[in-house]
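Q: only geometry, no sequence info:
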Ligand code: SF4
Ligand code: SF4
């Protein structure tokens, strides 16, 4: 199938980002990544990163209107305060409230001052969408798929659920379902895909590492991902375009449950 061949070619092409002498500090970087996202979440983290890379947000604003609360880290608060020309203290006081959850899980995170049933205070329907788009909270960049709450739910329920409010998610799952149907009609191709990701082919191993790096970029921001890439001796973090076709195969092959949950 053309899509499978394209995905494999994309994985092989990633080798060009590895500088002469191969990967460096692999064990140390993996350990650092494990500390950032605990290994038990890794399969869900990778699959959600793949979905995130593939979904095309339509800026419909439904999540800005319908999500119960928007969590913000202290880094988010600093960035948005700067953008708004406010001191951090003023921003925290005027625009945020304590996080709904307590304890280690949320650390110093707070919530934007959004009340249930009301739009996010930064939502502007005339734009459309977000008034602080360039500095929006990480959870909005990692829209839905990679939020901490979603990872917890995935791990708990052992599945990757759909987000019924999100038209981008709906379209992506439909695309995956459509491809899965074609694979059902071509058992040889389905087998090839399953064997590919069950193998330890060097291009697959490298892709898995790069997908994790992309997840780190989405979840923790580009600076953190660039730092990890430098430690690995990579030329740079791959851009979205370079990993998308392989990410599609990954989401499909490892997570048939993504498809099963489409009604
Ligand atoms: S900060 Fe922006 S993207 Fe995030 S919920 Fe508010 S309006 Fe939407
Ligand atoms: S609901 Fe989905 S498509 Fe709409 S703004 Fe949110 S992430 Fe984008």
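A: Looks like it arrived, so ask away. None of these values were measured; they are calculated from a predicted model. Numbers count the residues shown, from 1 in each chain. Ligands and ions are numbered 1, 2, ... in the order given.
Q: Who are the contact partners of the closest residue to residue 238 other than its chain neighbours?
A: Closest residue to residue 238 apart from its sequence neighbours, by Cβ to Cβ, 6 or more residues apart in numbering: residue 210 at 5.4 Å. Quick note: C-beta positions are derived from backbone N, CA and C, even for glycine. The contact partners of residue 210, by Cβ atoms under 8 Å, 6 or more residues apart in numbering, come to 14, 17, 238, 243.
Q: Flag every residue of this protein that's near ligand 1.
A: 64, 70, 120, 122-123, 130, 132, 136-137, 140 (Cβ under 6 Å from any ligand atom).
Q: One more pass at 5 Å, please.
A: Within the chain, the positions near ligand 1 by Cβ under 5 Å from any ligand atom are 64, 70, 120, 122-123, 130, 136, 140.
Q: Which members of those occur in helices, if any?
A: 64, 140 (DSSP state H).
Q: closest to ligand 2 among the residues of the chain next to ligand 1?
A: residue 64 (6.4 Å; Cβ to the nearest ligand atom).
Q: Burial check on that closest one, number of neighbours?
A: 24 (other Cβ atoms under 10 Å).
Q: wait, it sits on residue 129?
A: Yes. Applying Cβ atoms under 8 Å, one finds residue 64 in contact with residue 129, separated by 6.9 Å.
Q: Mutual contacts of those two, please.
A: residue 123.
Q: ok, back up a step: for the contacts of residue 210, which one is nearest residue 180?
A: When the contacts of residue 210 are ranked by distance to residue 180 (Cβ to Cβ), residue 243 comes first, at 20.4 Å.
Q: any idea of the mean pLDDT in the helix or strand hosting the closest one?
A: According to DSSP states H and E, residue 243 maps onto helix 240-254. For helix 240-254, the mean per-residue pLDDT is 89.
Q: Would you mind pulling the contact partners of that helix?
A: 3-4, 6-8, 10-11, 13-14, 43, 46-47, 49-51, 53-54, 176, 179-180, 183, 193-194, 196-197, 207, 210-211, 214, 258-259.
Q: hmm, 6 Å instead?
A: 6-7, 10-11, 47, 50-51, 53-54, 176, 193-194, 197, 207, 214 (Cβ atoms under 6 Å, 6 or more residues apart in numbering).
Q: Selecting buried members of these in ChimeraX, what would you type?
A: This is the ChimeraX syntax for the buried subset of the contacts of helix 240-254, where burial follows 16 or more other Cβ atoms under 10 Å:
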select :7,10,11,47,50,51,53,54,176,193,197,207,214
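Q: Sort out which one of the contacts of helix 240-254 lies nearest residue 222 for me.
A: residue 214 (10.5 Å).
Q: How about the contacts made by that closest one?
A: Counted by Cβ under 6 Å, 6+ apart, residue 214 has contacts 49, 243.
Q: Quick one: name whatever helix or strand follows the helix or strand harbouring it.
A: Element membership for residue 214 (DSSP H and E) is helix 202-220. The element immediately downstream of helix 202-220 (helix or strand, assigned by DSSP H and E) is helix 222-231.
Q: For the residue in the stretch 151-263 of the chain positioned nearest to ligand 2, give me the pLDDT.
A: Using Cβ to the nearest ligand atom, the single residue of the stretch 151-263 of the chain nearest to ligand 2 is residue 166, 3.3 Å away. Residue 166 is assigned 83 on the pLDDT scale.
Q: Repeat that for residue 210.
A: The per-residue pLDDT of residue 210 was computed as 97.
Q: ok, it to ligand 1 distance?
A: From residue 210 over to ligand 1 the distance is 27 Å, taken as Cβ to the nearest ligand atom, to the nearest Å.
Q: for residue 222, same thing?
A: For residue 222, the distance to ligand 1 - Cβ to the nearest ligand atom - is 18 Å.
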